[in-house]
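Enquirer: sequence first, predicted model second:
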Amino acid sequence: MEEKLKLYLKTMIANKGSDLHLKSTSQPRVRVHGTLMMLGREILDAEMMDRLAHEITTEEQYQKLQKDRNLDFSYILGNENRFRVNFFFQMDGLSAVFRIIPVKIPTLEALNLPEVISTFAEIQRGLVLVTGVTGSGKSTTLAALINKINQEQKKHIITVEDPIEFVHQDKGCLINQRGIGQDAHSFTDALRAALREDPDIILVGEMRDLETIDIALHAANTGHLVFSTLHTLDAKETIDRIVGMFSNEEQNRIRMSLASVLEGVISQRLIPTKTGGRVAGIEVLKKTARIEKLIAENRDAEIPDALFEGKEIYGTQTFDQAVLDILRRGEITEEVALEYATNPADMKLKMQGVGKGAIVDPHAGEKEAEVFGFKDDEA
């Protein structure tokens with residue numbers, strides 16, 4: 001069964017897919033540019049999925065899967081491809097998702113991210129968050145930031161991940177990567193221990209619970225640079241989510257702490273392009289005196305205006321500003337821009353040339369669309 005898995009994974013890679021989905025009682029599927037495509041016609045059964053789980057996990061991992069009913073781990077294919085894997089039980093048996101993790105860590109320039117994001121690698125202390133839905137590229141952006149620091153500075157970096165995705169080689173920095181399950185019991189335990197391990201920089205794969213957030217804020221407050229992720233759509237929601245996780249009695253303390261240590265928020269969404277691919281729309285919050293004041297005074301609703309107005313001076317931008325820039329370059333259609341806009345009504349006005357940041361010619365630079373071909377029965 002593992003040989004069949006390798007064939008599926010190689011086919012996915014050849015078609016520039018990101019995720020392979022295997023489910024008992026269903027055909028394999030791959031996600032290509034955000035869309036699930038059928039991969040062959042063979043229907044997997046419960047016995048096949050159980051056999052696959054046996055073949056690619058250790059006995060300890062397999063027993064953990066039976067006990068917890070889900071399991072996260074990494075799978076390596078050859079020398080060039082690694083995958084983040086999640087096995088889980090559902091009503092018809094086992095299912096699994098394999099997400100490709102590039103072995104080569106991309107640069108910030110290769111990811112075509114806003115220039116201001118590179119400045120987050122130069123910060124000495126504080127908290128930087130990368131947010132977005134699952135599959136929006138948060139881990140890749142964080143890896144590129146860590147890679148930049150590794151190449152240019154001499155620091156001790158500790159990462160806490162579940163599981164470890166991008167593997168960093170020591171260059172200018174000493175990097176210790178800890179995987180939950182194999183190297184640490186939990187994010188909370190590993191993060192608490194990290195404070196005693198002389199780190200300059202701590203990367204927390206995900207701030208999943210209140211205690212992890214509290215320790216991360218404490219680490220940022222005590223002179224460390226902390227990177228982490230959250231499943232939030234934009235900067236305003238990110239701040240609201242963090243503060244809202246604490247009790248009413250604690251919220252003022254957390255808000256003041258967050259105002260003090262939050263250095264940046266990078267919020268990512270992937271938008272379908274005319275050529276069948278996807279392009280990242282990025283909202284960027286960078287700490288300024290105004291942003292710090294708005295957070296401290298519970299004026300989160302004013303943050304989007306501050307980001308909008310800080311574009312030329314600080315490099316900040318709202319998600320809708322990013323969408324407009326992508327539309328100006330001719331990479332997406334007007335319909336897609338409206339569909340993905342945070343404020344579609346305001347976006348439509350700007351397309352019509354009304355308001356600040358309005359588009360004069362939305363079709364400038366438009367290119368011929370190319371269709372990415374992938375047949376449903378191709379395997």
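Expert: That came in fine, so what should we check first?
Enquirer: so the nearest residue to residue 121 once chain neighbours are set aside: helix, strand or coil?
Expert: Leaving aside its chain neighbours, residue 121 sits nearest to residue 148 (4.4 Å; criterion: C-beta to C-beta, 6 or more residues apart in numbering). All C-beta atoms are positioned from the backbone trio N, CA, C, and that covers glycine. Using DSSP: H, G, I helix; E, B strand; the rest coil, the secondary structure recorded for residue 148 is helix.
Enquirer: tell me the contacts of residue 148?
Expert: Counting by C-beta atoms under 8 Å, 6 or more residues apart in numbering, residue 148 touches 107-108, 118, 121.
Enquirer: so which of those wins on neighbours?
Expert: With neighbours taken as other C-beta atoms under 10 Å, the top of those is residue 121, carrying 21 neighbours.
Enquirer: spell out which residues sit in contact with that residue, please.
Expert: With contacts defined as C-beta under 8 Å, 6+ apart, the neighbours of residue 121 are 108, 145, 148-149, 152.
Enquirer: could you check the pLDDT of it?
Expert: Residue 121 is assigned a pLDDT of 97 by the prediction.
Enquirer: need the strands for the stretch 101-250 of the chain, in chain order.
Expert: Counting by DSSP state E, counting those that start in this stretch, the stretch 101-250 of the chain has strands at residues 126-131, 156-161, 174-179, 201-204, 225-230.
Enquirer: quick check, central residue of this structure?
Expert: residue 138 (1.7 Å; C-alpha atoms, centre = their mean).
Enquirer: just for the stretch 151-300 of the chain, where's the confidence low?
Expert: Filtered on pLDDT under 70, the stretch 151-300 of the chain yields no residues whatsoever.
Enquirer: what are the boundaries of the helices in the stretch 1-150 of the chain?
Expert: If DSSP state H, counting those that start in this stretch is used as the criterion, the helices of the stretch 1-150 of the chain fall at 2-14, 46-56, 59-68, 138-152.
Enquirer: follow-up on the earlier one: which pair in the contacts of residue 148 spans the largest distance?
Expert: Pairwise distances across the contacts of residue 148 peak at 11.1 Å for 107 and 121 (criterion: C-beta to C-beta).
Enquirer: tell me how far the residue nearest to the centre of the chain lies from residue 203.
Expert: In this view, residue 138 and residue 203 are 11 Å apart by C-beta to C-beta, to the nearest Å.
Enquirer: and if you look at residue 302?
Expert: Using C-beta to C-beta, residue 302 is found at 30 Å from residue 203.
Enquirer: sorry, back to before: need the winner for burial among the helices of the stretch 1-150 of the chain.
Expert: For these, average neighbour numbers computed from mean count of other C-beta atoms under 10 Å are highest in helix 138-152, which has a mean of 21.
Enquirer: format the CA atom coordinates belonging to it as PDB.
Expert: Extracted as PDB, the C-alpha positions of helix 138-152 are listed here (Å, rounded to 0.1, in the frame of the first residue of the first chain):
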ATOM      1  CA  LYS A 138       1.500  30.700   7.200                       C
ATOM      2  CA  SER A 139       4.200  28.100   7.800                       C
ATOM      3  CA  THR A 140       6.000  29.100   4.600                       C
ATOM      4  CA  THR A 141       6.100  32.800   5.500                       C
ATOM      5  CA  LEU A 142       7.400  32.000   8.900                       C
ATOM      6  CA  ALA A 143      10.100  29.600   7.500                       C
ATOM      7  CA  ALA A 144      11.200  32.400   5.100                       C
ATOM      8  CA  LEU A 145      11.600  34.800   8.000                       C
ATOM      9  CA  ILE A 146      13.500  32.300  10.100                       C
ATOM     10  CA  ASN A 147      15.700  31.500   7.100                       C
ATOM     11  CA  LYS A 148      16.500  35.200   6.600                       C
ATOM     12  CA  ILE A 149      17.500  35.600  10.300                       C
ATOM     13  CA  ASN A 150      19.600  32.400  10.000                       C
ATOM     14  CA  GLN A 151      21.500  33.700   7.100                       C
ATOM     15  CA  GLU A 152      22.100  37.200   8.400                       C
END
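Enquirer: for that helix, the distance to its chain's centre please.
Expert: Between the centre of helix 138-152 and the centre of its chain there are 13 Å (C-alpha atoms, centre = their mean, to the nearest Å).
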